[in-house]
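Chemist: Could you look at this predicted model? Sequence included:
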Amino acid sequence: LRDLTGAYAISAITTYEPHTIYAARLSSPLVIGVGEAEYILASDPTALMEHTKKVIFLDDYDVATITDTDCQIHNLKQGRPANHEAELLDYDNQQVLLGDFPHFMIKEIYEAPATIRNATLGRALPKQNIVKLGGLESVEQQLKYIDRIVIVACGTSYYASLVGEYLIEEVAGIPVEVQLASEFKYREEPFSRSTAIIAVSQSGETADTIAALKKVENFGVLRLGIVNAVGSTIARMTDAGVYCHAGPEQAVASTKAFIAQVTVLSLIALHLSEGRTKHFKPLLNELEDLPAKAQEILDSAEDIRVIAERYKHYRDFMFIGRHINYPCALEGALKLKEVSYIHAEGYAAGEMKHGPLAMIDESFPTFAIATNSTLLEKTYSNIQEIRARKGPVVAVATKGNNHIHNLVGNVIYIPETLEHTQPILLAIVMQLFSYYIAVARELDVDKPRNLAKSVTVE
Ligand code: M6R
């Protein structure tokens with residue numbers, strides 16, 4: 001093992017010791033499930049859930065020697081035994097089963113109301129007018145001196161973080177910069193100690209995000225995590241953090257994790273604002289009402305399926321949005337291309353005239369986010385420009401907006417909500433839209449080609 005370089009998670013057995021398994025990891029995840037008279041190795045605890053909830057997370061340079069009755073762990077770097085206690089994960093067994101759903105993706109989309117509830121449970125307390133984040137209690141003093149936040153993440157978690165940038169800046173008034181973890185790690189930039197870095201990750205095992213955190217290891221900055229997978233590498237390497245509590249996500253396309261991440265980012269924004277913002281009370285109250293609104297969208301999923309069916313044959317798709325819904329457009333495009341293999345681009349609606357409009361014709365539809373906001377009139381103009389080029393448009397609007405039918409044939413409605421909470425409801429719509437297109441194209445929605453659930457290599 002000492003001769004190996006790079007990242008690995010391996011297990012080995014020899015004919016000389018047929019009752020012993022050796023396992024080791026470096027920069028790639030490896031967990032040991034502790035069952036009834038058995039040990040099971042996996043790269044992700046979700047894979048173990050049907051067998052056991054008791055797991056031991058191995059650290060870098062750990063070597064485990066597992067026999068029929070025993071599991072000893074030695075850390076090669078420290079040159080001594082590693083004393084890892086087995087942790088009990090509180091996943092509900094039902095969460096890893098499909099139940100009556102045909103795919104995990106749709107099952108996980110339907111978990112949106114519960115996801116919002118679980119992320120806010122015991123944290124958003126409107127009656128007491130506070131947001132309580134136990135995971136940040138140990139760093140409360142340091143948080144008071146933070147004047148800049150850098151968020152690092154990949155893929156869907158990156159887009160959730162971009163939504164978080166609007167939330168934290170507008171609600172808490174703290175400047176935020178979101179960076180792709182794969183880019184951040186190769187940049188040289190000035191960092192002051194009053195900067196906090198937040199890693200956002202569903203799996204907690206994404207190699208690029210881990211590398212980004214490692215880069216700032218000796219910078220003396222506060223490292224926080226917004227992670228879903230309990231006990232994962234990122235959760236363990238950060239100083240403090242807030243778990244998403246979304247439960248295991250199994251479809252490769254991230255759905256409920258995005259909902260949970262944006263919910264947690266809203267809570268962090270509220271918490272950092274210390275109540276000193278006009279947004280505090282309305283946002284705190286709205287988070288309580290949001291699960292019912294999410295359910296309303298799911299109850300009308302059939303309307304979205306019917307519209308998706310009309311768009312299944314297109315080769316390209318444009319997603320546009322403004323302000324906090326601009327990152328939603330980026331995420332909508334990612335979701336569609338990931339599960340349906342349709343080329344999709346996300347753009348800030350105001351950018352259309354600066355180039356992308358040239359591509360629009362009757363063969364290039366646009367998914368326009370046109371929910372109630374101070375910028376709605378401007379989005380109408382964008383839609384008119386697209387319609388003038390014969391571009392088909394699907395719009396998402398807020399219930400009660402009848403004017404939109406004068407511009408667009410296919411409209412999907414979401415319930416009235418604050419601008420700051422629209423991304424959560426919009427995400428559900430776009431996830432359903434992508435799902436139904438992929439199903440109509442008879443694709444393997446849960447396991448899109450060329451992709452893995454956790455990207456544990458750089
Ligand atoms: O586990 P993470 O949130 O760190 O994963 C980041 C991305 O790999 C992930 O969000 C990916 O983009 C999803 N497949 C998107 O649906």
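Modeler: That came in fine, so what should we check first?

Chemist: Tell me the secondary structure of L41, please.
Modeler: For L41, the reduced secondary structure class is strand; criterion used: DSSP: H, G, I helix; E, B strand; the rest coil.

Chemist: Any chance of the backbone angles for the residue in the stretch 351-458 of the chain that the ligand sits nearest to?
Modeler: Here the residue of the stretch 351-458 of the chain nearest the ligand is V455; by Cβ to the nearest ligand atom that distance is 4.6 Å. Just so you know, the C-beta spots here come from the backbone N, C-alpha and C atoms, and that holds for glycine as well. Torsion angles at V455 (phi, psi; degrees, to the nearest 10) stand at phi -100, psi 90.

Chemist: how close does it sit to S232?
Modeler: Plainly put, V455 is 13 Å away from S232 if you go by Cβ to Cβ, to the nearest Å.

Chemist: Could you find the closest non-adjacent residue to the residue of the stretch 351-458 of the chain closest to the ligand?
Modeler: Of all residues beyond its chain neighbours, the one nearest V455 is T206 (5.4 Å), with distances taken as Cβ to Cβ, 6 or more residues apart in numbering.

Chemist: Measure how buried the one you found is and give me the count.
Modeler: Other residues lying near T206 total 29 when counted by other Cβ atoms under 10 Å.

Chemist: Check it and give its pLDDT.
Modeler: Reported pLDDT at T206 in the predicted model: 94.

Chemist: got a list of what it touches?
Modeler: The neighbourhood of T206, defined by Cβ atoms under 8 Å, 6 or more residues apart in numbering, consists of C154, S157, A181, I234, S454, V455, T456.

Chemist: Return the per-residue confidence for the residue in the chain positioned nearest to the ligand.
Modeler: In the chain, no residue comes nearer to the ligand than G155, which is 1.9 Å away by Cβ to the nearest ligand atom. What the model reports as pLDDT for G155 is 98.

Chemist: Pull up the residues of this structure that are close to the ligand.
Modeler: Where proximity means Cβ under 6 Å from any ligand atom, the interface of the chain facing the ligand comprises 154-157, 201-203, 206, 209, 252-254, 338, 454-455.

Chemist: Assign I369 to helix, strand or coil.
Modeler: Judged by three-state DSSP, the three-state class of I369 is strand.

Chemist: For stretch 367-374, give me every contacting residue.
Modeler: If you take Cβ under 8 Å, 6+ apart as the criterion, stretch 367-374 is touched by 317-323, 325, 328-329, 332, 349, 376, 379-380, 382-383, 386, 393-398, 401, 404, 408, 414, 416, 419, 422, 426, 430, 433.

Chemist: could you show me where the helices are in the stretch 351-458 of the chain, in order?
Modeler: Listed in chain order, the helices of the stretch 351-458 of the chain (DSSP state H, counting those that start in this stretch) span 376-388, 422-440.

Chemist: In JSON lines, list these along with distance to D60 and mean neighbour count.
Modeler: As requested, the helices of the stretch 351-458 of the chain are arranged in JSON lines below (distance: least, Cβ to Cβ, whole Å; neighbours: other Cβ atoms under 10 Å):
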{"stretch": "helix 376-388", "distance to D60": "48", "mean neighbour count": "17"}
{"stretch": "helix 422-440", "distance to D60": "34", "mean neighbour count": "26"}
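
Chemist: Quick one: those helices as CSV, columns for mean pLDDT too.
Modeler: Formatted as CSV, the helices of the stretch 351-458 of the chain follow (pLDDT from 0 to 100):
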stretch, mean pLDDT
helix 376-388, 97
helix 422-440, 98
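
Chemist: And those: which comes nearest L298?
Modeler: Distances from L298 to each of the helices of the stretch 351-458 of the chain were compared using Cβ to Cβ; the shortest belongs to helix 422-440, at 6.9 Å.

Chemist: any idea how far the closest one is from the chain center?
Modeler: Put simply, helix 422-440 sits 15 Å off its chain's centre (Cα atoms, centre = their mean, to the nearest Å).

Chemist: can I get the CA coordinates of it in CSV?
Modeler: In CSV, the C-alpha atoms belonging to helix 422-440 read as follows (Å, rounded to 0.1, in the frame of the first residue of the first chain):
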residue,chain,number,x,y,z
GLN,A,422,-39.6,30.0,-5.7
PRO,A,423,-36.5,28.0,-6.6
ILE,A,424,-37.7,25.1,-4.4
LEU,A,425,-41.0,24.8,-6.1
LEU,A,426,-39.6,25.4,-9.5
ALA,A,427,-37.1,22.6,-9.0
ILE,A,428,-39.9,20.2,-8.5
VAL,A,429,-41.5,21.3,-11.8
MET,A,430,-38.3,21.0,-13.7
GLN,A,431,-37.4,17.6,-12.2
LEU,A,432,-40.9,16.2,-13.2
PHE,A,433,-40.5,17.7,-16.7
SER,A,434,-37.1,16.0,-17.2
TYR,A,435,-38.3,12.8,-15.7
TYR,A,436,-41.3,12.5,-17.9
ILE,A,437,-39.4,13.3,-21.0
ALA,A,438,-36.8,10.6,-20.2
VAL,A,439,-39.5,8.1,-19.5
ALA,A,440,-41.2,9.0,-22.8
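
Chemist: Quick one: low-confidence residue ranges for the stretch 51-200 of the chain.
Modeler: In the predicted model of the stretch 51-200 of the chain, no residue satisfies pLDDT under 70.

Chemist: all helices for it, in order.
Modeler: Secondary structure of the stretch 51-200 of the chain (DSSP H, counting those that start in this stretch): helices at 104-110, 112-120, 140-143, 155-167, 181-184.
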